[in-house]
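Asker: From the sequence below, what's the structure:
(chains A, B, C and D)
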Number of protein chains: 2
Amino acid sequence: MGIMKIKEVSAKFNVPADTLRYWERVGAIPPVNRNAAGYRDYDDEDIDWITFAKCMREAGVSIEYLIEYITLFKQGDATLQARKDLLHEQLDTIAQRLHEIQHTYDLIKDKADHYEAHVEGYRGKLLQ
Amino acid sequence: MGIMKIKEVSAKFNVPADTLRYWERVGAIPPVNRNAAGYRDYDDEDIDWITFAKCMREAGVSIEYLIEYITLFKQGDATLQARKDLLHEQLDTIAQRLHEIQHTYDLIKDKADHYEAHVEGYRGKLLQ
DNA sequence: TCTTGCCTTGGAGTCGACTCAAAGGTTTAT
DNA sequence: ATAAACCTTTGAGTCGACTCCAAGGCAAGA
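Answerer: A predicted model of the protein is given here:
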């Protein structure tokens, strides 16, 4: 699967082609190889980076963070420790976000369950 | 605790006063009572709404959704079912987001663990 | 060959959600 | 009583992350 054009990648990941170009332009993913015509030609490595970027973005990680990671990556093995630190930092942030969302989920679940029990003839009260 | 001014509420929730005013202005929370001078005077009910709004925002729920919810709430008991539906909709979205973030967490954890094992003398490879 | 469709870039526009500034009224501590 | 620290509104500005547009090159089918 070494010859995906941007439209296929867009469809595969459900990410607009404009966004894929944007990520590359600002450096949130490394530059993608081109064919003779100058068209982007995504190989497995590019696909891996997009997988990474998409996951991170969905988890709320900023573009800036991705750029920082790629910047380190481009500098080679000397930055392994720095990249590791960056990932751990992200891991902490993501874990925290996870707990916040879990908390909200539980709260809304309670509210919804309460509606469930009282949805008919219930006299409205705050947060019900 | 029925006489909190905006600064105290801001401190309690760690949400800027400007943001509290913004939420109220656009209708993401109901109007807050005022004292004689026109100052906002947050009571327990207001605090509950801010708790709700903050949780929802942290879970990635849009301001627009909150406005929709408040709009229904203001229309009284006739909208109980609609509000219940809205909450269930949000619940689904939040659950989905939760799984996405969990997925990313696992992915990053793997990457980080891998770094842990190879951080010295490891030859860089994609996503490492 | 022509047309339709996908690709390119550069730059401008949009959108959600704040965030700040200006001008002015109130409260509180000294 | 006066300064410092609050509060108010209106409206404009910012920021992150896209998203769209124009102008033009390449490709694949009829």
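Asker: Could you list the domains of chain A?
Answerer: Using automatic domain parsing, the domains assigned to chain A come out as A:1-60, A:75-128.
Asker: Does A:Tyr69 touch A:Asp85 like I think?
Answerer: No. Between A:Tyr69 and A:Asp85 there is no contact under CB atoms under 8 Å: 10.8 Å. C-betas here are computed from N, CA, C, even on glycine.
Asker: who's more crowded, these two?
Answerer: Per other CB atoms under 10 Å in any protein chain shown, whichever of A:Tyr69 and A:Asp85 has more neighbours is A:Tyr69, with 22 against 15.
Asker: any idea how far the more buried one lies from A:Gly27?
Answerer: According to CB to CB, to the nearest Å, A:Tyr69 and A:Gly27 sit 10 Å apart.
Asker: Redo the domains of chain A as CSV? Include distance to B:Asp43 and mean pLDDT.
Answerer: Listed next are the domains of chain A as CSV, based on distance: least, CB to CB, whole Å; pLDDT from 0 to 100:
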stretch, distance to B:Asp43, mean pLDDT
domain A:1-60, 33, 96
domain A:75-128, 10, 83
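Asker: With distance to B:Thr51 added, can I get these in TSV?
Answerer: Rendered in TSV, the data for those read as follows (distance: least, CB to CB, whole Å):
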stretch	distance to B:Thr51
domain A:1-60	21
domain A:75-128	8
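Asker: how about those domains, which one is nearest B:Tyr39?
Answerer: When the domains of chain A are compared by CB to CB, domain A:75-128 sits nearest B:Tyr39, at 22.0 Å.
Asker: Report whether that closest one contacts DNA strand C.
Answerer: No. Using CB under 7 Å from any atom of the strand, domain A:75-128 stays clear of DNA strand C, with a minimum separation of 13.8 Å.
Asker: Same check on stretch A:23-39?
Answerer: Yes. Judged by CB under 7 Å from any atom of the strand, stretch A:23-39 comes into contact with DNA strand C at A:Arg34, A:Gly38, A:Tyr39.
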